[in-house]
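*Asks:* need a 3D model of the sequence below.
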Amino acid sequence: MQTIDFTEFQRIDLRIGTIIRAEVFAKTKKPAYKIWVDLGTLGIKKSSAQITFHYKPEDLLGRQVLCVCNFPPKQIADFMSEVLVTGFDDGSGQIVLASVDKNVPNGSKLY
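*Replies:* The predicted structure is shown next:
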């Protein structure tokens, strides 16, 4: 594993947000959702997420998720993904969302 120093870690803007909207993203090659995340003072940001195995759109509403907020936006089909919603491989290649065990204010930064 390659190591990084703490200043490199600090450059990654990891913040918590609440999913306020989710819908099937029919135009992708792999199954995905369009997701809108309330990131507090950063506003509402969009993301495309391949998390259809473990989650249905209606189950995502109100869930807090950890997002990388300082990647450049990425065009995916006709949708501009503005943040990366993070998660972990469940051991079979499917993603389980990274979250918190207690609600915190939207936009809170990971330290």
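
*Asks:* other residues contacting the top strand by length along the chain?
*Replies:* Assignment by DSSP state E gives strand 14-24 as the longest strand of the chain. Strand 14-24 is contacted from outside by 33-40, 42, 44-45, 52, 57-58, 60-69, 83, 86, 100, 104-110, using Cβ atoms under 8 Å, 6 or more residues apart in numbering. Heads up, the C-betas are built off the backbone N, CA and C, glycines and all.

*Asks:* what subset of those residues is buried?
*Replies:* The neighbour-count test (16 or more other Cβ atoms under 10 Å) applied to the contacts of strand 14-24 identifies 33-39, 42, 45, 52, 57, 60, 63-67, 69, 83, 86, 106-108, 110 as buried.

*Asks:* Tyr111: neighbour count?
*Replies:* Tyr111: 6 surrounding residues under other Cβ atoms under 10 Å.

*Asks:* look at it and report its pLDDT.
*Replies:* For Tyr111, the model assigns a pLDDT of 88.

*Asks:* any idea how far it lies from Ser47?
*Replies:* 22 Å (Cβ to Cβ, to the nearest Å).

*Asks:* same question, Asp78
*Replies:* As defined by Cβ to Cβ, Asp78 lies at a distance of 15 Å from Ser47.

*Asks:* between the two, which is the more surrounded one?
*Replies:* A direct count of neighbours by other Cβ under 10 Å for Asp78 and Ser47 places Ser47 higher, at 27 against 8.

*Asks:* so how far is Ser99 from that one?
*Replies:* 14 Å.

*Asks:* buried stuff in stretch 83-94?
*Replies:* 83-87.

*Asks:* what ranges in the chain fall below the confidence cut-off?
*Replies:* The model of the chain has no residue with pLDDT under 70.

*Asks:* mind listing the helices for it?
*Replies:* For the chain, the helices defined by DSSP state H occupy 6-10, 57-60.

*Asks:* so which of these comes closest to Pro73?
*Replies:* Nearest of these to Pro73, taken as Cβ to Cβ: helix 57-60 at 20.9 Å.

*Asks:* now do the contacts for Leu110.
*Replies:* By Cβ under 8 Å, 6+ apart, the neighbours of Leu110 are 14-16, 66.

*Asks:* no further queries at this time; thank you.
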